[in-house]
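>>> Sequence first, predicted coordinates after that:
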Amino acid sequence: TSLNKRLWTSNAEGDKIVVKSCHDGRAEANYVIEKMKEFKDEGKAWGDFTILYRTNAQSRPFEEVCLRENIPYKIFGGQQFYQRAEIKDILSYLAFINNPVDTISLNRIINVPKRKIGDKTLEKIIEYSQETGISLFEALRQCEEIAGVGPAVKVAINNFCNLITVTQKLMADYAKVSEIFEKVIATTGYFKYLEESYEDFESRIENVKELGVSIYELEKIIDGLTLRDYLENVTLVSATDSLEEGHDYVKIMTIHNSKGLEFPYVFLTGVEDEIFPSSKADFEKSVEEEERRLCYVAITRAEERLFLSHASTRFVYGQEQYRSPSRFLREIPEKLIARESDFIKKKHNYGEGEAASYPTRSLDNLRMSGPRLQANGEAFPFKVGEKVAHKKFGFGVVRGMDDKKIVVEFVDGKKEIASVLAEKFLIKQ
């Protein structure tokens, strides 16, 4: 550095750092996208906004909201959540359990984890299934009858078939989707497989756990969620066909990938203990210091505006747990912080829970029992407690209705839909 030099800027005094406490991870994602939409309405471009997080697994809820709202985005230094290999592996297991004639899913998982079922063995099994007119899975179950399949390979095939059979029985016995998911992870030894196969296994394991969170979130809303329901919902929330290619898109990346870059509007998310800093910081002082330096990197990426958000609860191993704001937040002088209220403006109809969605009216006032007629004398097409699907919001449950609107609870919160439009946008499940 040079001596006797005075650093200065021609920029005006900047805004304070906005700190936002959200109810949960889903509410946090809604908050961030809501703020971006507000600034977009004021003339900003999507390319002005950057979402930062500590680990790749945190991208899922932000991606889902961007997809739902047709907001262009790009993951830097990684793939979209549902395109990651480990996510595809587990979803393929679930898809095959749900539909055992799904040969595309079977081909993906037959050797994941590795079972030493070679191409020649697969060719023999496929040939056997074609000759006998049975499905590929049925041919696997009859591997003892297929000539040229070695004893060790037969054991591996039988173990695989047993896993599918056991999980299909769980499905038939109306087990929770989360139970089937956990059974697949445990029985296959999938986490051990990741650890032995990839240098970045910790990140991949976190991604799989986040997939589990997507199941727990939906189960919390929909009683009796079936495996088929969940897979259909994944299709809805991960559809990318409507996204347009272009140069104006929201940037989503880890803090590590943001080093050396600057962005006009930065949303630093998951600013809570056990995420940022990670739980390792409680046991190793050097880890905490490194995380503190990384926090400084994240904060200094913002050129104009900086938003820090954290959640009060998150799903961890299937349980909703309370979270604490990051210790790093307490190290920022209070005079530099502007704290937003718990509930954001309802400009785009994305609130956080009942208080934001219905500030003047109780949901109980909307509930009805028995048959109900619309103004034109026709019966309402939906009933309270009924499962429905929405192209934009995924699966939900009807929670209330009156002459003018139907209230549906989705993973992203409760939404009001005009009664006259309900049949156009909602599909009974």
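Good, I have the coordinates. Residues are numbered from 1 along each chain as shown.
>>> Nearest to the spatial middle of this protein, which residue is it?
Arg60 (3.5 Å; C-alpha atoms, centre = their mean).
>>> Would you mind confirming that Ile126 is in contact with Leu140?
No - using C-beta atoms under 8 Å, Ile126 is not in contact with Leu140; the gap is 10.2 Å. For glycine as for every other residue, the C-beta is placed from the backbone atoms N, C-alpha and C.
>>> So the two - more neighbours on which side?
Neighbours were counted for Ile126 and for Leu140 using other C-beta atoms under 10 Å; Leu140 has more, 23 against 14.
>>> Name the helix or strand of the chain that has the lowest mean pLDDT.
helix 354-357 (a mean of 33; mean pLDDT, DSSP states H and E).
>>> Tell me which other helices or strands the next helix or strand after that one touches.
Per DSSP states H and E, the first helix or strand lying C-terminal to helix 354-357 is strand 387-390. Under the contact criterion of 3 or more C-beta pairs under 8 Å, 6 or more residues apart in numbering; DSSP states H and E, strand 387-390 touches helix 227-238, strand 394-401, strand 405-410, strand 426-428.
>>> Please work out which residues outside strand 387-390 touch it.
Residues outside strand 387-390 that contact it (C-beta atoms under 8 Å, 6 or more residues apart in numbering) are 222, 229, 232-233, 236, 382, 395-398, 408, 410, 415, 425-429.
>>> Val101 contacts Glu138, doesn't it?
No - the criterion here is C-beta under 8 Å, and Val101 misses it with Glu138 at 9.1 Å.
>>> So between the two, which is more surrounded?
Taking other C-beta under 10 Å, Val101 and Glu138 do not tie; Glu138 has more neighbours (15 against 11).
>>> what helix or strand does the more buried one sit in?
In this assignment (DSSP H and E), Glu138 forms part of helix 136-141.
>>> Grab the CA positions of that helix and hand them over as CSV.
Written as CSV, here are the backbone C-alpha positions of helix 136-141 (Å, rounded to 0.1, in the frame of the first residue of the first chain):
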residue,chain,number,x,y,z
LEU,A,136,-37.5,-55.2,-16.6
PHE,A,137,-38.1,-55.2,-12.9
GLU,A,138,-39.9,-58.5,-13.1
ALA,A,139,-36.9,-59.8,-15.0
LEU,A,140,-34.6,-58.6,-12.3
ARG,A,141,-36.7,-60.5,-9.7
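>>> Skip ahead from that helix and say which helix or strand is next.
Heading C-terminal from helix 136-141, the first helix or strand you meet, by DSSP H and E, is helix 151-172.
>>> who are the neighbours of that next one, in terms of helices and strands?
Where contact means 3+ C-beta pairs under 8 Å, 6+ apart, helix 151-172 is packed against helix 85-98, helix 136-141, helix 177-188.
>>> Stretch 50-57 spans what distance, first to last residue?
Stretch 50-57 has an end-to-end distance of 16 Å (C-alpha to C-alpha, to the nearest Å).
>>> Any idea how far it is from the middle of the chain?
For stretch 50-57, the gap between its own C-alpha mean and the chain's C-alpha mean amounts to 13 Å (C-alpha atoms, centre = their mean, to the nearest Å).
>>> How about stretch 51-58?
Chain-centre distance of stretch 51-58: 12 Å, with C-alpha atoms, centre = their mean.
>>> Endpoints of it, how far apart?
From the first residue to the last, stretch 51-58 extends over 10 Å; the measure is C-alpha to C-alpha.
>>> before we move on, what about stretch 191-207?
Distance across stretch 191-207, first residue to last, is 11 Å (C-alpha to C-alpha).
>>> Next, Glu199: secondary structure please.
Following DSSP: H, G, I helix; E, B strand; the rest coil, the label given to Glu199 is coil.
>>> Look up how far Ala85 lies from it.
Going from Glu199 to Ala85 by C-beta to C-beta, to the nearest Å gives 14 Å.
>>> which of those two has more neighbours?
The neighbour count for Glu199 versus Ala85, taken as other C-beta under 10 Å, is higher for Ala85 (13 against 7).
>>> Buried residues in stretch 43-59, which are they?
With burial defined by 16 or more other C-beta atoms under 10 Å, the residues of stretch 43-59 counted as buried are 44, 46-59.
>>> residues contacting Met253?
Neighbours of Met253 in contact, by C-beta under 8 Å, 6+ apart: 50-52, 75-78.
>>> ditto for Ala298
Going by C-beta under 8 Å, 6+ apart, Ala298 touches 52, 255, 258, 266, 268.
>>> Just put those in TSV and tack on distance to Gly14 and pLDDT.
Formatted as TSV, the contacts of Ala298 follow (distance: C-beta to C-beta, whole Å; pLDDT from 0 to 100):
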residue	distance to Gly14	pLDDT
Leu52	18	97
Ile255	21	95
Ser258	19	94
Val266	12	98
Leu268	16	98
